[in-house]
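[1] Structure here, sequence nowhere to be found:
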């Protein structure tokens, strides 16, 4: 039997708040401040964050001819949306990077999977259309509720493989994601004051924008798997590719091109976010 929802929610609300440096950076970014000297000054208080920003700015994805050595210059290159996403991502991963007790999940491999889902969602976002940056964040945290549950009650977690067969349809895939895990994800993201556009996807809100993001999330998970078992990024699921292509009105070869591009983007993002 799974842990009662109230038990998990109570523990979520007992988690410490964000670190001061992260809160300062997020406050500035969320209020539309573009004073990069001020933002980088706060960012330098957190060596991990400033190091990852530099690492991402110097990745081949951005193709700079000269090494970026200054955090302020790196922030200007990456832009506010990417910096904000990196801050939120590192904050959550830092809190749930490992479970030191018993766990049925491999956290390193699970986060690898989540980053790949986020990268695929970011690239497919224009087909829906939704914000690529919001789509990336939704993909990154799409099974955060499962991680929360495992972190607090690992001995009670029933780890169920998400599978799709040739007879499956998209409504079946969508239904598989309407679980109590989403409530836990919603509670945590709300508690840590994440942007409403992300939080709403895991709520019981069904407005048009939320449904678009939710559909895109399920499409990405149909292709790559739901990540509910300890696994590294997997090869594409042919049945999932078919379902996702039909739902997004794409030819399978067009969807494959997004998948190929997402693998390259994943390598760049994983280098900065997971190591």
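    On my side now, so go ahead. Here the structure is a predicted model, which is why all the values come from computation and not from measurement.

[2] going forward, measure contacts and count neighbours with C-alpha atoms only.
    OK.

[3] Excluding sequence neighbours, find me the nearest residue to residue 64.
    In space, residue 64 comes closest to residue 58 once its chain neighbours are excluded; the distance is 6.8 Å by Cα to Cα, 6 or more residues apart in numbering.

[4] quick one, what contacts that neighbour?
    Neighbouring residues of residue 58 by Cα atoms under 8 Å, 6 or more residues apart in numbering: 64, 67-68.

[5] Could I have the ChimeraX command that selects the buried members from these?
    Buried subset of these, written as a ChimeraX selection, criterion 16 or more other Cα atoms under 10 Å:
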select :68
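
[6] nearest to residue 243, of the contacts of residue 58?
    Taking Cα to Cα as the measure, residue 64 is the one of the contacts of residue 58 closest to residue 243, at 38.1 Å.

[7] Just want the most central residue of this protein.
    A centroid search over the chain (Cα atoms, centre = their mean) returns residue 140, at 1.0 Å, as the residue closest to the centre.

[8] Which residues are in contact with that one?
    Applying Cα under 8 Å, 6+ apart, the residues near residue 140 are 89, 111, 114-118.

[9] hmm, which helix or strand of this structure has the shakiest average pLDDT?
    helix 170-175 (a mean of 68; mean pLDDT, DSSP states H and E).

[10] List the buried residues for whichever helix or strand comes after that one?
    Going down the chain from helix 170-175, the next helix or strand is helix 180-191, by DSSP states H and E. Using 16+ other Cα under 10 Å as the test for burial, helix 180-191 gives 181-190.

[11] most surrounded residue in the contacts of residue 140?
    Comparing the contacts of residue 140 by number of neighbours (other Cα atoms under 10 Å), residue 117 comes first, having 35 neighbours.

[12] Please tell me how far residue 111 sits from residue 77.
    From residue 111 over to residue 77 the distance is 25 Å, taken as Cα to Cα, to the nearest Å.

[13] Now residue 248. Nearest residue, chain neighbours left out?
    residue 127 (6.8 Å).

[14] Low-confidence ranges, the stretch 51-200 of the chain, go.
    61-63, 100, 156-170, 172-180 (pLDDT under 70).

[15] Which stretches in it count as strands?
    Assigned strands in the stretch 51-200 of the chain: none (criterion: DSSP state E, counting those that start in this stretch).

[16] okay, now residue 7: neighbour count?
    12.

[17] Ramachandran angles for it?
    phi -60, psi -50 (degrees, to the nearest 10).

[18] ditto for residue 245
    Dihedral angles of residue 245 (phi, psi; degrees, to the nearest 10) stand at phi -60, psi -40.

[19] for the one 4 residues further on, same thing?
    When read as degrees, to the nearest 10, the backbone of residue 249 gives phi 60, psi 50.
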